[in-house]
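Asks: after the sequence you'll find the predicted model.
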There are 2 protein chains.
Amino acid sequence: MGTVIECVPNISEGREEKLVSEIAAAVRGAPGVRLLDVSSDSSHNRSVLTFVADAAGVRAGVRALFDAAVPRIDLRRHTGEHPRMGAVDVVPVIPIRGVTVEECVALSREIGKEIAERHGIPVYLYEDSATSEKRRNLAEIRKGQFEGFAAKMEAPEWKPDFGPDAPHPSAGVVAVGARPPLIAYNVNLATSDLEVARRIAKAIRFSSGGFRFVKAMGVMLEARQVAQVSINMTDFKRTPLFRVFETVRAEAARYGVNVIGSEIVGLVPAEALIDAADHFLRLERFDPTQVLERRLREEG
Amino acid sequence: MGTVIECVPNISEGREEKLVSEIAAAVRGAPGVRLLDVSSDSSHNRSVLTFVADAAGVRAGVRALFDAAVPRIDLRRHTGEHPRMGAVDVVPVIPIRGVTVEECVALSREIGKEIAERHGIPVYLYEDSATSEKRRNLAEIRKGQFEGFAAKMEAPEWKPDFGPDAPHPSAGVVAVGARPPLIAYNVNLATSDLEVARRIAKAIRFSSGGFRFVKAMGVMLEARQVAQVSINMTDFKRTPLFRVFETVRAEAARYGVNVIGSEIVGLVPAEALIDAADHFLRLERFDPTQVLERRLREEG
C-alpha cells in the first residue's frame, strides 16, 4: 500500500443538500480520490468533506472541489454560527501513511499556488505550512471573517502567501496547510453545571496553561442537561487521548462530579485508541507492530 | 482487500535453527502466502509459524509445510517441555477478514483430507471443526502424546477424522481446525508469591468456573521474582481483554497485591485493543467504522 494523505476541506454550505452533494460528487469523481465522509451542520451552515489520496490525487480532489464550490457558494449571502472567511474555508492536508509532514507542507504550497492562479482567491498557509508564527493559528487568520477581510488585508502583515491582495468577491479567502490528524473528542460530565465544564476546559487547554496540543471549551448539551468538555486534540501522538481523559476525570472529581462517558466525533486513527489500551492495560514492552492489521499492511 | 485467513501451525522443532528456517522458507515460497512470523522456543523444542493467505494460499502453505517438515522432523528422537503428538503438531485456521468461521471449517476439512492422503498421517479435526465435543479441546486430543498414540488409537472413539488408524512412524498425528484468533496475554503481579498468581488464574479460567473463553495458570518469572498470571484468551470478542485485566486487578487487590503490568505475546487483532480503549475511555456510541484505518480498508 502506497502513500495515504487525508484532506478535510470545510466548505461554507451546510443547508442546501443538493449543493453539498453536487460538490461532493465532483470531489468523488476526481482521479485517485476516495471520498470517505461528508458531514453537514445546518446551524453552522458548513460541511466537512473527508477524502484520501496520494499527492496527485489530493491536488486533483482540491481542484475539483474549488471548481464546483466557487460558482455555487456566495459568502455575501451566507449566515451561520461558525466563523468563516471563504466559500471553501480551510483545506487541511494530513499525512497518514508513507508520507512526511514536510512532503505535505510542499503539497499544500502547490495546492495554494494553484487555487490562487485558477480562481484569483487569496491563500494563507497555516499550521505546519505557515510562513510566520502568527499564521500558524487558523483562528488568528480567520479573525474579522469574510465581511472584515478587505479591510484586514490592507495591512502589509496580512498580505496572502499566494494570490491577490483583496478577497475574492463571493469566495473570500482560504487557508491551506499541513497539520497532524485532529481528533474531535468530548467528555460528558454528570452535572448540568456548565461552569464545571468551562473550568475543566480551561485547565486542560494550551491557551490557558494546559496541554500543548489541546483546544477545549465547555458546552451545554441542552437535551441531555449534561455539561460537556468539548476538545480538539491537535496532535494525539504528543498529547495522548488517555492523558486528557484522565486529567478531565481528576479535575471533575475536584468538583465532586463524575465522568459519564466520552465521545469521538468522526474518524480516529487506530493508533490513538491502541495507545489508550496500552496505557490502561499497563502493557509492558508493547510494540505497535504486534497489531495484526498493521503487520498485514506492512508485509503486504 | 480480499479474504484474509491466518494459519498458525506449530511444529515440533525449536532447536535446530537450520531446519526451522528451511521449513519456513518452504512455507514462504508457497503461492499466495505471506509469512508474518516465526518464533522458536528451545526449551519447548517447538516453533510457531504465522502466515496469512486466502483459502487457496492456506492450502498451498500447509502443503509446503508438511512436504518440508515430515522428512525433517522425527518425533522418535524429539524431547521438549511442551506436550506434542506430531511433527506438525497442530494447524489452526483463523478467520480474520472477509471469511466466515464456517468457510474456515470447510477449509480445515479439505486440508485435513489432503494431509492424510499425501502423507498417511492421521488427522483430528478440533475446535470449531471438531466432529465430537470431546475433540473440540486440543489438550484432550493430545493426551498420551506421540509415544502413547498407537495404544490410544486402538479405541474406536479415537479413530481419526481422516487417514490411517495408526500414527505415522516419525510424524505422529496432527490436529487441524478452525478457531477464533487467540491472544496470549500475561498479567504481572507485584509479588513473588506464586500462590497468589495461581489463585487468580483459578478464579478467571473457564475450567474452574471463570470466564468462558479464558485459560490461565500461575507461573513464576524467576529472573524478575515476579508471579505472573499467564492467560490464553480464546475468543476476545466474547470474553474481552479489558474485563479479564480488571478482574485480575480486583482479585489481586484482595491479597493486597498490585498489578505491575501486562504483556501481549505475539500478534493481537486491533479490535481487541480498540475494545479496551472504548471501555476505559467510557466511549459513548463508538462505532468501529470510525477507525480511520478500517475506513481506508473498506472503501479501498
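Replies: Everything's here; your move.
Asks: what does the stretch 101-250 of chain A put close to chain B?
Replies: Where the stretch 101-250 of chain A comes near chain B, counting by Cβ under 8 Å from any Cβ of the partner chain, the residues are A:181, A:188, A:241, A:242, A:245. C-beta: built from backbone N, CA, C; applies to glycine.
Asks: which of those residues sit farthest apart?
Replies: Longest distance between any two of these is 22.8 Å, between A:181 and A:188; criterion Cβ to Cβ.
Asks: okay, the residues of the stretch 101-250 of chain A next to chain B in JSON lines with neighbour count next?
Replies: Conversion of those to JSON lines gives the following (neighbours: other Cβ atoms under 10 Å in any protein chain shown):
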{"residue": "A:181", "neighbour count": "21"}
{"residue": "A:188", "neighbour count": "21"}
{"residue": "A:241", "neighbour count": "23"}
{"residue": "A:242", "neighbour count": "19"}
{"residue": "A:245", "neighbour count": "24"}
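Asks: now flag whichever of those is closest to chain B.
Replies: Taking Cβ to the nearest Cβ as the measure, chain B sits nearest to residue A:245 out of those, at 5.4 Å.
Asks: surely the closest one meets residue A:187?
Replies: Yes: between residue A:245 and residue A:187 there is a contact under Cβ atoms under 8 Å: 6.6 Å.
Asks: identify the contacts common to these two.
Replies: A:259, A:262 (Cβ atoms under 8 Å, 6 or more residues apart in numbering or on different chains).
Asks: circling back to that earlier point, which of the residues of the stretch 101-250 of chain A next to chain B fall in helices?
Replies: Residues of those located in helices (DSSP state H): A:241, A:242, A:245.
Asks: count of neighbours near the nearest residue to residue A:234 once chain neighbours are set aside?
Replies: Of all residues not flanking residue A:234 in the chain, residue A:213 sits nearest, at 4.5 Å (Cβ to Cβ, 6 or more residues apart in numbering or on different chains). With neighbours defined by other Cβ atoms under 10 Å in any protein chain shown, the count for residue A:213 comes to 20.
Asks: repeat for residue A:40
Replies: Neighbours of residue A:40 (other Cβ under 10 Å): 20.
Asks: please identify which helix or strand holds it.
Replies: In the assignment (DSSP states H and E), residue A:40 maps to strand A:34-41.
Asks: tell me which strands and helices that strand is in contact with?
Replies: helix A:17-28, strand A:46-53, helix B:292-299 (3 or more Cβ pairs under 8 Å, 6 or more residues apart in numbering or on different chains; DSSP states H and E).
Asks: ok, the second one near chain B or not?
Replies: Right, strand A:46-53. Yes: contact of strand A:46-53 with chain B is found when judged by Cβ under 8 Å from any Cβ, involving residue A:52.
Asks: lowest confidence element among the helices and strands of chain A?
Replies: Least confident element among the helices and strands of chain A, by mean pLDDT, DSSP states H and E: helix A:292-299 (a mean of 77).
Asks: check whether that one contacts chain B.
Replies: Yes: Helix A:292-299 lies within reach of chain B by Cβ under 8 Å from any Cβ, at A:292, A:293, A:294, A:295, A:296, A:299.
Asks: quick one: which of those has the most company?
Replies: Result: residue A:292 is most packed of the residues of helix A:292-299 next to chain B (other Cβ under 10 Å), 24 neighbours.
Asks: show me where the stretch 201-300 of chain A has its helices.
Replies: Assigned by DSSP state H, counting those that start in this stretch, the helices in the stretch 201-300 of chain A fall at A:241-254, A:270-280, A:292-299.
Asks: buried deepest among the ones you listed, which one?
Replies: helix A:270-280 (a mean of 23; mean count of other Cβ atoms under 10 Å in any protein chain shown).
Asks: quick one: mean pLDDT over that helix.
Replies: When pLDDT is averaged over helix A:270-280, the result is 95.
Asks: tell me what it is packed against?
Replies: helix A:241-254, helix B:241-254, helix B:270-280, helix B:292-299.
Asks: now the angle from it to helix A:292-299?
Replies: 130 degrees (axes from the mean of the first three to the mean of the last three Cα atoms, to 10 degrees).
Asks: export only the CA atoms of helix A:270-280, formatted as PDB.
Replies: Only the C-alpha atoms of helix A:270-280 are listed here, as PDB (Å, rounded to 0.1, in the frame of the first residue of the first chain):
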ATOM      1  CA  ALA A 270      -6.300   3.400  15.300                       C
ATOM      2  CA  GLU A 271      -3.000   4.400  17.000                       C
ATOM      3  CA  ALA A 272      -4.800   6.800  19.300                       C
ATOM      4  CA  LEU A 273      -7.000   4.100  20.700                       C
ATOM      5  CA  ILE A 274      -4.300   1.500  20.800                       C
ATOM      6  CA  ASP A 275      -2.200   4.000  22.800                       C
ATOM      7  CA  ALA A 276      -5.100   4.200  25.300                       C
ATOM      8  CA  ALA A 277      -5.300   0.400  25.600                       C
ATOM      9  CA  ASP A 278      -1.600   0.300  26.100                       C
ATOM     10  CA  HIS A 279      -1.900   2.800  28.900                       C
ATOM     11  CA  PHE A 280      -4.900   1.400  30.800                       C
END
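Asks: return the distance of that helix from the chain's centre.
Replies: 21 Å (Cα atoms, centre = their mean, to the nearest Å).
Asks: can you check stretch A:222-231 too?
Replies: Using Cα atoms, centre = their mean, the offset of stretch A:222-231 from its chain centre is 21 Å.
Asks: buried ones in it?
Replies: Buried positions in stretch A:222-231, judged by neighbour count with 16 or more other Cβ atoms under 10 Å in any protein chain shown: A:226, A:227, A:228, A:229, A:230, A:231.
Asks: ok, of those residues, which one's closest to residue B:122?
Replies: residue A:231 (60.0 Å).
Asks: OK, contacts around that closest one?
Replies: Per Cβ under 8 Å, 6+ apart, neighbours of residue A:231: A:184, A:185, A:186, A:187, A:201, A:204, A:214, A:215, A:216, A:244.
Asks: ditto for residue A:260
Replies: Counting by Cβ under 8 Å, 6+ apart, residue A:260 has contacts A:188, A:189, A:190, A:226, B:282, B:284.
Asks: quick one: work out the angle between the least confident helix or strand of chain A and strand B:46-53.
Replies: Orientation check (the same axes, to 10 degrees): helix A:292-299 against strand B:46-53 gives 70 degrees.
Asks: what residues does helix A:292-299 touch?
Replies: Counting by Cβ under 8 Å, 6+ apart, A:1, A:270, A:288-289, B:4, B:6, B:34, B:36-37, B:52, B:96, B:181, B:267-270, B:293 sit against helix A:292-299.
Asks: and stretch A:184-199, by the same measure?
Replies: A:200, A:217-221, A:224-233, A:241, A:244-245, A:248-249, A:251-252, A:255, A:257-266, B:284.
Asks: how about low-confidence regions in the stretch 1-150 of chain A?
Replies: Applying pLDDT under 70 to the stretch 1-150 of chain A flags residues A:1.
Asks: can you pull out the strands in it?
Replies: Remark: strands assigned in the stretch 1-150 of chain A by DSSP state E, counting those that start in this stretch are A:4-7, A:10-11, A:34-41, A:46-53, A:88-97, A:123-125.
Asks: how far off helix A:292-299 does the fifth one point, in degrees?
Replies: Yep, that's strand A:88-97 we're talking about. 80 degrees.
Asks: where in the stretch 201-300 of chain A is pLDDT low?
Replies: A:298-300.
Asks: ok so, going back, and which of the buried residues of stretch A:222-231 is nearest residue B:168?
Replies: residue A:231 (62.0 Å).
Asks: what residues are up against the spatially most central residue of chain A?
Replies: Note on chain A: the residue nearest the mean C-alpha position is residue A:182, at 5.8 Å, using Cα atoms, centre = their mean. By Cβ under 8 Å, 6+ apart, the contact set of residue A:182 is A:92, A:94, A:232, A:233, A:234.
Asks: can you check the pLDDT for it?
Replies: 90.
Asks: thinking again about what came up before, out of the contacts of residue A:260, which comes closest to residue B:45?
Replies: After measuring those against residue B:45 - Cβ to Cβ - the closest member comes out as residue B:282, at 46.0 Å.
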